[in-house]
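[1] No letters, just coordinates:
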């Protein structure tokens, strides 16, 4: 299994839905993408929609209490509801 690809979407101040998401990172075909960061729930929905057309095999949302929870999968390797134990890089861990 390759390392998950992190997609930080955090915001530091109140925003509106008109605020664009950050550009997608490089996503190798078949990888797990973990969306993370402190942001409104609708921003997570927008990120999921954007990632659906990506080459990712699965998408997970990071929960600091659980880990990365798989929310969508097109792979037998990843099941919806599966919790993946990951450690965020120190710089990103302060955003959640």
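    Great, that's in hand. Not measured: the values here are computed from a predicted model.

[2] can you pull out the strands in the protein?
    5-8, 32-36, 58-63, 67-73, 83-84 (DSSP state E).

[3] Quick check: beta-bridge partners of the most centrally placed residue in the chain?
    For the chain, the residue nearest the mean C-alpha position is residue 35 (1.3 Å; CA atoms, centre = their mean). Counting by DSSP bridges, residue 35 forms beta bridges with residue 7, residue 61.

[4] Kindly compare burial across the strands of the chain and name the winner.
    Mean neighbour count (mean count of other CB atoms under 10 Å) peaks for strand 32-36 among the strands of the chain, with a mean of 24. Every residue, glycine included, has its C-beta placed from N, CA and C.

[5] So which elements touch that strand?
    Packing contacts for strand 32-36, counted by 3 or more CB pairs under 8 Å, 6 or more residues apart in numbering; DSSP states H and E, involve strand 5-8, helix 41-52, strand 58-63, strand 67-73.

[6] Distance-wise, check residue 81 relative to residue 17.
    Taking CB to CB, to the nearest Å as the measure, residue 81 falls 27 Å from residue 17.

[7] Kind regards, and thank you for your time.
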